[in-house]
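*Asks:* sequence plus predicted model, see below.
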Amino acid sequence: MPTPRANITESVLVWARKQAGYSPEEAARKLNVKEERYLSWEDADDDLKPTIKQLRNIAKLYKRPVSLFYLPEPPEGFQPMRDLRRLPGDRLGAYSPTLRFEMERAQQRREVALDLYQTAGDDLKKFGLTVSLRDDPETVGADVRKALGVNFSDQRTWRRKGALEPFKAWRRAIEAYGVLVFQMSGVETDEVNGFALAAEVLPIIAVNRGDVPNRRTFSLLHEFSHLLLNLSGVSDLDVDTTRPPEEQRIEVFCNHVAAAALMPKEHVLSAPMVRAHPGKSTDWSDSDIRTVSDQFGVSREAFLRRLATFERTTFGFYRAKAEQYNEEWRALKARQKAEYKESKKKFSKNPPQDVFVELGRPFVRLVLNSVRQDLMTLNEASGYFNNLRIRHFPKLEERAFTG
């Protein structure tokens with residue numbers, strides 16, 4: 001008896017592969033079939049359709065429901081964002097399948113949120129701040145702090161509550177301004193620090209959870225600066241001359257705005273430790289740098305760059321220290337990778353915590369409120385929460401509404 005074949009639509013299969021970011025060769029290798037066999041599935045040969053089991057493997061690899069491959073034509077929807085990253089050579093514009101999935105999922109979550117708000121009859125807050133590249137970044141940074149309601153006296157206390165508190169506090173302020181803030185997992189920090197999806201209502205920021213908390217905070221404000229420019233894009237925090245001049249200008253501007261928002265000039269220059277290092281000082285110790293950078297909840301590198309901008313140290317000293325800190329970061333990442341398997345054995349997972357951290361309070365509350373109002377079932381909500389088991393919902397509700 002011949003093996004049953006899945007009567008899928010070849011154009012949908014091609015679309016799903018391209019959307020996932022795989023070449024035919026890569027897809028075949030991942031699916032453990034010869035490239036010629038895989039290509040035959042895309043070439044409309046009825047005798048060489050994939051088996052049902054193979055289709056399930058394809059759907060899993062491309063992160064699509066099996067039913068999608070039976071559609072008569074490819075669906076419309078997700079479009080890749082502008083690539084503002086600093087990538088070498090021919091990697092420019094190439095997104096990994098994991099990053100493409102995170103971008104598409106973020107856009108899908110936004111559509112879900114828009115539908116739920118509309119169903120509930122709630123008014124959505126419009127994103128009010130707009131700027132241009134001609135504006136002074138220092139002034140824009142001050143405007144950002146004012147719009148988000150952040151004051152320095154509160155900011156100085158955040159770091160005392162833990163390494164993650166500055167990021168959490170800025171995230172809460174940005175979410176209160178009407179932005180959906182997500183965190184990505186599984187995307188290498190070497191590929192991307194974050195991305196932004198600009199929109200009049202419910203714009204999106206996503207930051208890489210793999211980054212250390214202080215770098216995540218800077219990414220958050222960097223991507224918020226993209227929203228100010230009404231610019232969607234995928235970016236990293238490093239800027240050099242490998243990018244076109246216009247893209248360099250955009251990223252330099254966003255970095256400057258983020259720095260000005262996080263570290264206002266008057267507070268940097270009035271810090272006792274800064275006053276104790278007059279002129280273009282290069283005798284900063286790592287411990288002194290950390291002391292002041294912690295007051296602002298930023299990385300040592302970001303703080304030193306700010307000092308160099310204000311001519312309170314040299315750019316040569318900043319670059320040397322930045323390389324030192326990058327080496328330390330690379331060493332830390334290597335240790336983390338080596339210890340990953342062991343850490344999975346030692347520490348139990350916390351699914352409700354992971355959902356809350358990834359999706360943020362506004363999105364989690366919106367879905368849970370929809371369940372309470374009988375606008376969706378628990379099973380539907382579970383799907384929006386990365387298939388969180390229903391038995392974990394009480395802990396998620398506790399975190400969302402009382403945490």
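*Replies:* That came in fine, so what should we check first?
*Asks:* show me where the stretch 151-300 of the chain has its helices.
*Replies:* Secondary structure of the stretch 151-300 of the chain by DSSP state H, counting those that start in this stretch: the helices cover 152-158, 165-176, 213-228, 245-262, 265-270, 272-275, 286-296, 300-309.
*Asks:* contacts for the fifth one, please.
*Replies:* Counting contacts by C-beta atoms under 8 Å, 6 or more residues apart in numbering, the residues outside helix 265-270 that touch it are 138, 152, 274-275, 296, 303, 306-307, 310, 312. All C-beta atoms are positioned from the backbone trio N, CA, C, and that covers glycine.
*Asks:* now do it: distance to the chain's middle.
*Replies:* On the basis of C-alpha atoms, centre = their mean, to the nearest Å, helix 265-270 sits 30 Å off its chain's mean C-alpha point.
*Asks:* list the buried residues in it.
*Replies:* Val268 (16 or more other C-beta atoms under 10 Å).
*Asks:* out of the contacts of helix 265-270, which are buried?
*Replies:* Buried members of those, counted by 16+ other C-beta under 10 Å: 138, 274, 296, 303, 306-307, 312.
*Asks:* before we move on, the earlier item: between the helices of the stretch 151-300 of the chain, which one is closest to Arg64.
*Replies:* Of all the helices of the stretch 151-300 of the chain, helix 213-228 sits nearest to Arg64, with 27.1 Å by C-beta to C-beta.
*Asks:* CA-only coordinates of the closest one in CSV, if you can.
*Replies:* The C-alpha coordinates for helix 213-228 follow below in CSV (Å, rounded to 0.1, in the frame of the first residue of the first chain):
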residue,chain,number,x,y,z
PRO,A,213,20.1,44.0,32.1
ASN,A,214,22.0,47.4,31.6
ARG,A,215,22.4,46.8,27.9
ARG,A,216,18.8,45.8,27.6
THR,A,217,17.8,49.1,29.2
PHE,A,218,19.8,51.0,26.6
SER,A,219,18.3,48.9,23.8
LEU,A,220,14.8,49.8,25.2
LEU,A,221,15.5,53.5,24.9
HIS,A,222,17.3,53.1,21.6
GLU,A,223,14.2,51.4,20.1
PHE,A,224,11.9,53.9,21.7
SER,A,225,13.9,56.5,19.8
HIS,A,226,13.1,54.6,16.6
LEU,A,227,9.4,55.0,17.4
LEU,A,228,9.9,58.8,17.9
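*Asks:* just how off-centre is stretch 31-38 within its chain?
*Replies:* 33 Å.
*Asks:* which residues sit against that stretch?
*Replies:* 24-25, 27-29, 48, 54, 57-58, 61.
*Asks:* quick one: neighbours of Phe317, just the number.
*Replies:* 17 (other C-beta atoms under 10 Å).
*Asks:* could you list the low-pLDDT ranges of the chain?
*Replies:* Applying pLDDT under 70 to the chain flags residues 1-2, 45-47, 77-93, 236-246, 336-348, 403.
*Asks:* domain ranges for it, per the record?
*Replies:* 10-66, 97-346, 349-402 (automatic domain parsing).
*Asks:* end-to-end on the last one?
*Replies:* The one in question is domain 349-402. End-to-end distance for domain 349-402, by C-alpha to C-alpha, to the nearest Å: 21 Å.
*Asks:* just give me how far that domain sits from the chain centre.
*Replies:* 20 Å.
*Asks:* check the first one too.
*Replies:* The chain centroid and the centroid of domain 10-66 are separated by 28 Å, computed with C-alpha atoms, centre = their mean.
*Asks:* still on that earlier bit, farthest-apart pair in the contacts of helix 265-270, please.
*Replies:* Across the contacts of helix 265-270, the longest distance by C-beta to C-beta is 20.1 Å; it joins Glu138 and Arg275.
*Asks:* of the contacts of helix 265-270, just say which sits nearest to Leu227.
*Replies:* For the contacts of helix 265-270, the residue nearest Leu227 by C-beta to C-beta is Glu138; the value is 18.6 Å.
*Asks:* what residues are up against the closest one?
*Replies:* 256, 260, 265.
*Asks:* closest to Ile250 out of the residues you listed?
*Replies:* His256 (10.9 Å).
*Asks:* mind listing the strands for the protein?
*Replies:* 180-184, 194-197, 204-208, 233-235 (DSSP state E).
*Asks:* what about Ala44, how many neighbours?
*Replies:* Residues lying near Ala44 (other C-beta under 10 Å) number 12.
*Asks:* identify the residue nearest it in space, chain neighbours excluded?
*Replies:* Of all residues not flanking Ala44 in the chain, Glu10 sits nearest, at 4.6 Å (C-beta to C-beta, 6 or more residues apart in numbering).
*Asks:* can you check Arg249 too?
*Replies:* Nearest one to Arg249, counting by C-beta to C-beta, 6+ apart, is Leu133 at 6.1 Å.
*Asks:* quick one: Phe69 from Trp41, how far?
*Replies:* Plainly put, Phe69 is 10 Å away from Trp41 if you go by C-beta to C-beta, to the nearest Å.
*Asks:* what do you get for Glu380?
*Replies:* 32 Å.
*Asks:* more neighbours: the two, which one.
*Replies:* Counted by other C-beta under 10 Å, Glu380 and Trp41 do not tie: Trp41 has more neighbours, with 26 against 14.
*Asks:* which residues does the more buried one contact?
*Replies:* 8, 10, 13, 48-50.
*Asks:* would you show me how to pick out the buried ones of these in ChimeraX?
*Replies:* Remark: buried members of these, expressed as a ChimeraX selection using 16+ other C-beta under 10 Å:
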select :8,10,13,49,50
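*Asks:* excluding its backbone neighbours, what's nearest Tyr38?
*Replies:* Nearest to Tyr38 is Ala28, by C-beta to C-beta, 6+ apart, at 3.9 Å.
*Asks:* for that neighbour, grab the count of nearby residues.
*Replies:* Counted with other C-beta under 10 Å, Ala28 comes out at 18.
*Asks:* relative to Leu39, how far out is it?
*Replies:* Distance of Ala28 to Leu39, given as C-beta to C-beta: 8 Å.
*Asks:* list the buried ones in stretch 275-286?
*Replies:* Residues 277, 284 are the ones in stretch 275-286 that count as buried (16+ other C-beta under 10 Å).
*Asks:* how far is that stretch from where the chain is centred?
*Replies:* On C-alpha atoms, centre = their mean, the centre of stretch 275-286 falls 34 Å from that of its chain.
*Asks:* I'm done for today, thanks for sticking with me.
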